[in-house]
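Participant: please work out how this folds:
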Amino acid sequence: MAWIRTVPPEEAEGSLKDQYEAAVARAGRVYQIVQSMSLAPGILDASMKHFGAIAHARDGLSRSDRELVAVVVSVANECHY
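Facilitator: Numbers count the residues shown, from 1 in each chain. You can find the predicted model right below:
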């Protein structure tokens, strides 16, 4: 696994702090997948909006089917997220 520099939640400021607070509200903590984009808060924001649009879309697959696809892809990639 690659190691990259990230901003830990206790050091976040400005829009990154807002994004981390939203992550805690959503998932109970700030996962490393979110922290991996911490040096580019604009990209983190765009990524979260993109994910939200896909996860909550009204057309196509149901939310549970989308979650199932995400789990299968994560298992296939040996990713615990």
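
Participant: tell me how many other residues crowd residue 12.
Facilitator: Neighbour count for residue 12, taken as other C-beta atoms under 10 Å: 19. From N, CA and C alone the C-beta is placed, and that goes for glycine too.

Participant: how about the nearest residue to it once chain neighbours are set aside, what does it touch?
Facilitator: Nearest residue to residue 12, sequence neighbours excluded (C-beta to C-beta, 6 or more residues apart in numbering): residue 20, at 4.9 Å. Taking C-beta atoms under 8 Å, 6 or more residues apart in numbering, we find residue 20 in contact with 9, 12, 30, 34.

Participant: who are the contact partners of the last one?
Facilitator: Read that as residue 34. 19-20, 23, 44, 48.

Participant: could you rerun that using 10 Å?
Facilitator: If you count contacts by C-beta atoms under 10 Å, 6 or more residues apart in numbering, residue 34 has them with 6, 9, 16, 19-20, 22-24, 26-27, 44, 47-48, 81.

Participant: how about the strands in the protein?
Facilitator: Along the chain, no segments are classed as strands by DSSP state E.

Participant: would you turn the contacts of residue 20 into a markdown table with distance to residue 65 and pLDDT?
Facilitator: Listed next are the contacts of residue 20 as a markdown table, based on distance: C-beta to C-beta, whole Å; pLDDT from 0 to 100:
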| residue | distance to residue 65 | pLDDT |
| --- | --- | --- |
| 9 | 32 | 96 |
| 12 | 34 | 97 |
| 30 | 27 | 96 |
| 34 | 24 | 95 |
